[in-house]
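Enquirer: Prediction below, plus the sequence it came from.
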Amino acid sequence: MTEQTITIQNRAGIHARPAALLVQVTKDFKSNIYFEKDTDRINAKSIMGIITLGAAYGTEIKIVAEGEDEQKAVEALVHLFESKFEEE
């Protein structure tokens, strides 16, 4: 299992466009991938799950991946979060 905690840096937080980008990235990996916020854990391959997580600017999210390509999955997602979803 690979985990990494990130802080949402884009001002608009996770709305429809970033959620769609996250799902687009996660679908290419075989690993099970989850986002955790507080006590909530959602499937990172579910756009509705991501949107209902309610992750605003400054929120800490833990990325958790389990499977054969877990390290690459976490690295790809961290890059997407750090690029602020190419919105800024």
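Expert: Perfect, thanks for sending it.
Enquirer: Can you show me the strands along the chain?
Expert: Along the chain, the segments classed as strands by DSSP state E run 2-7, 32-37, 40-43, 60-66.
Enquirer: Turn these into TSV, columns for mean pLDDT.
Expert: Shown next, in TSV, are these (pLDDT from 0 to 100):
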stretch	mean pLDDT
strand 2-7	97
strand 32-37	98
strand 40-43	96
strand 60-66	98
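Enquirer: in the chain, which spans are helices?
Expert: Secondary structure of the chain (DSSP state H): helices at 16-26, 47-52, 70-82.
Enquirer: how distant is the longest one from the center of its chain?
Expert: Taking the mean C-alpha point of helix 70-82 and that of its whole chain, the gap between them comes to 8 Å (CA atoms, centre = their mean, to the nearest Å).
Enquirer: Mind listing what's buried along it?
Expert: For helix 70-82, the buried set under the neighbour-count rule, 16 or more other CB atoms under 10 Å, comprises Glu70, Ala73, Val74, Ala76, Leu77, Leu80, Phe81. In short, each C-beta sits where N, CA and C put it, glycine included.
Enquirer: what does stretch 44-63 give?
Expert: Within stretch 44-63, the residues scored as buried using 16+ other CB under 10 Å are Ala44, Lys45, Ser46, Gly49, Ile50, Ile51, Leu53, Ala55, Ile61, Ile63.
Enquirer: so which of those comes closest to Pro18?
Expert: Of all the buried residues of stretch 44-63, Pro18 sits closest to Ile50, with 8.1 Å by CB to CB.
Enquirer: contacting residues for that closest one?
Expert: Shown in contact with Ile50 (CB atoms under 8 Å, 6 or more residues apart in numbering): Ile14, Ala19, Leu22, Val23, Phe35, Ile42, Ala44.
Enquirer: which of the residues you listed has the most neighbours?
Expert: Neighbour counts for the contacts of Ile50, by other CB atoms under 10 Å, peak at Ala44, which reaches 28 neighbours.
Enquirer: what's the closest non-adjacent residue to that one?
Expert: Ile33 (4.0 Å; CB to CB, 6 or more residues apart in numbering).
Enquirer: of all the buried residues of helix 70-82, which comes closest to Met1?
Expert: Within the buried residues of helix 70-82, the smallest distance to Met1 is 6.8 Å, found for Glu70 (CB to CB).
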